[in-house]
Each structure stands twice: as structure tokens, then as C-alpha cells.
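Student: Kindly generate the corresponding structure for this input.
(chains A and B)
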Amino acid sequence: MTHAASVHHTSTGVDNRKLGFWTFIGSECLLFGSLISTYLVYKGRSVRGPTPEEILNIPITSLSTFDLLMSSLAMVLALAAVTRGDKIWARVWLATTALLGAIFLGFQAYEFTTFVHEGLTLQVNLFGSTFFVLTGFHGGHVAIGVIWLLTLLVRSFQGKLGPEKAMNVEVAGLYWHFVDVVWIVIFTVVYLLR
Amino acid sequence: MNEKQAHPGVGTYLAVAGMLTIITLVEVGVFYVPAFQKVLAPILITLSAAKFSLVVMFYMHLKSDHRLFTLIFTAPLLIAVAVAVALLFLFGVFALHTGA
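Tutor: Numbering: from 1, shown residues only, chains lettered A, B, ... in the order given. Just a heads-up that it's a prediction; the model follows:
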């Protein structure tokens, strides 16, 4: 498979859009690093419940984790299809990625609603504050990613997402995979480590 | 290494997805086995790091892309990890969890 980029001449020898986006992802590492650190610093310091042990649902979250991992597979398959000029499969995989992202958001909406009904809110204790801020920021990133994917899907239906535009899909893919790796860390740190 | 590196093929992407699925199953399995509770943290952190690396190397193409991207990603990542570890020490989290 050839590279997705329509490479233009730059002083660094790499595509400026990709370079800029990797720099943005680097800054996102610091953002999520601070949110995860805050969660860990306050972990186990809540003076009242509900506590993580009482409320977190591992089987449901395992399913949503699998869903997000498979969305990353769909994303790379979409990029591969766009790169080889396969419009049909590009649309199928872009739509699949967006759908899996939307399903993940559905899982998160269900989880948040359940937690609120069980008494865990942003204000009730330190666990609630740090949990909702961390997972809420992540969910916001997923929502932006779904919207981005849907715009690419629309561009594909307009006939404006050929192999020459593969870099647009690659950059969207970088964002999507980053959201995935952040969840890999959150799943371990928040849900599995007690 | 220049910009025009080949990305992995569909077979590699599927193999990585298979490994990610297996690692996730192992993570959840280990979580429920009482015998692993004392070594749960190192096992889960190792498995999580493996999943993180697989996605970054193969799906984000850092393994085959220009090394500049690796530098731009890993430098802030290492800073974030260092800040997290420093904060955990500063707030006595390790002492809290070991009961010291």
C-alpha cells in the first residue's frame, strides 16, 4: 500500500498538516495527563459514597471498550480504501467507524444516567467530580470525532474524497486513534485498577 | 526515513485488532481472578501499555512514519507521565495505597 499523503515540498520533508496535527496530539497528551493525574491523586479520598467499587460496571464498560477498539480497525480500513480509490468501501468503513463511535457515546450516556440515578454526581464527592470530568472530556472528544467522520462521509458522497484527499482521512484517523488510546488508559486506570 | 513510507496492509490491521481483543479479554479476566489481586496493578499496566503501543505503532503508523512524528508525540507523552508520577508522590498516593 502506498502512503496516503499527497506530499508537498516542505523544509522538514514531512507534510505540514500531519506535523501540525501530531503537535496538537502532543498537547492533548498533556491535557489528558493532567486529568488522569487529578483522578489518581483524589482516588480513595472521598469522604462519602458512592465509591468506584460500588458503582462501576466492568462488563458493560468492557463492551464499550471493545466497541471503541473495533472502531479504530474500521478507521484504518477506511483510510486504506480511500488510498486505493475504493469509494464504496471507504463509505462503508467511515460509516462503520462513526456508528461505533456513536454506540460508544450511547454506552457512556447510559453509564452517566445510571450513575446519577444511583447518587453519583459531579458535586457529591471527589470520585464523582474527577470521574465525570475525565470521562466527560473523553466523551466530548469522541463526539467531535463522530461529527468529523460524518463530514468525511458527506464529502465522499459528494465525490470529493478521492485518493488525492487521503491525507484528510489520515489526519481524522490520527485523532480517532488518539481518542482510542486515551480510553485504553482510562479503562485500566479508572475501571480495572482498584 | 522519508515521508513516503508504506503503511501496513489490511492483514496487519486485522492481526492488530485480534491482539487488541485478546489483550482486553485477558485484562478483564485477570481483574476477576482473586489469585492475581496482589499483582493486578503491574499486570494491567503492562497489558494497557501493550495495547497503547500497538495502536500507536500500527494504526497511527508511527512504526513506519517519519521519526519526527515519534519525537513530537513521545516528548509530551513522557512529560505527562513524569508529571503524573511526580504528583502521585507529592500527594502521597503510593503511601496511601500501601497503608504506610
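Student: ok, so what distance separates the residue nearest the centre of chain B from A:T12?
Tutor: Centroid check for chain B by Cα atoms, centre = their mean gives B:A49 as the closest residue, at 2.1 Å. According to Cβ to Cβ, to the nearest Å, B:A49 stands 29 Å off from A:T12. Where you see a C-beta, it was placed from the backbone N, CA and C, and this is true even at glycine.
Student: before we move on, what about A:S27?
Tutor: Taken as Cβ to Cβ, the span from A:S27 to A:T12 is 18 Å.
Student: give the contact list for the single nearest residue of chain A relative to chain B.
Tutor: Residue nearest to chain B within chain A (Cβ to the nearest Cβ): A:G33, separated by 2.7 Å. Contact partners of A:G33, counting by Cβ atoms under 8 Å, 6 or more residues apart in numbering or on different chains, are B:L77, B:I79, B:A80, B:V81, B:V83, B:A84.
Student: give me the element the residue in chain B positioned nearest to chain A is part of.
Tutor: In chain B, the residue found nearest to chain A is B:A80; the distance is 2.7 Å by Cβ to the nearest Cβ. Element membership for B:A80, per DSSP states H and E: helix B:67-90.
Student: returning to that earlier point: can you check what pLDDT the model gives the nearest residue to the residue of chain B closest to chain A once chain neighbours are set aside?
Tutor: Among residues not flanking B:A80 along the chain, A:G33 sits closest, at 2.7 Å (Cβ to Cβ, 6 or more residues apart in numbering or on different chains). Note on A:G33: pLDDT of 97.
Student: low-confidence ranges in chain A?
Tutor: Confidence mapping of chain A against pLDDT under 70 gives the ranges A:1-8.
Student: circling back: please list only the buried members of the contacts of A:G33.
Tutor: B:L77, B:A80, B:A84 (16 or more other Cβ atoms under 10 Å in any protein chain shown).
Student: out of those residues, who's nearest A:F66?
Tutor: Taking Cβ to Cβ as the measure, A:F66 lies nearest B:L77 of the buried ones among the contacts of A:G33, at 24.3 Å.
Student: thought that closest one was touching A:C29?
Tutor: Yes - B:L77 is in contact with A:C29 according to Cβ atoms under 8 Å; the separation is 4.7 Å.
Student: one step back: OK, contacts around the residue of chain B closest to chain A?
Tutor: Per Cβ under 8 Å, 6+ apart, neighbours of B:A80: A:C29, A:L30, A:F32, A:G33, A:S34.
Student: does the last one count as helix, strand or coil?
Tutor: Assigned state for A:S34: helix (three-state reduction, DSSP: H, G, I helix; E, B strand; the rest coil).
Student: If you tally nearby residues, what's the number for residue 86?
Tutor: With no chain named, the answer covers chain A. 15 (other Cβ atoms under 10 Å in any protein chain shown).
Student: ah, I was thinking of chain B
Tutor: Going by other Cβ under 10 Å, the residues that sit close to B:A86 add up to 11.
Student: same check, this time on A:V82
Tutor: 29.
Student: That one: which element?
Tutor: Going by DSSP H and E, A:V82 is part of helix A:58-83.
Student: Can you check what angle separates the helix or strand where the residue nearest to the centre of chain B lies from helix A:58-83?
Tutor: Per DSSP H and E: B:A49 is located in helix B:40-54. Per axes from the mean of the first three to the mean of the last three Cα atoms, to 10 degrees, the angle that helix B:40-54 makes with helix A:58-83 is 10 degrees.
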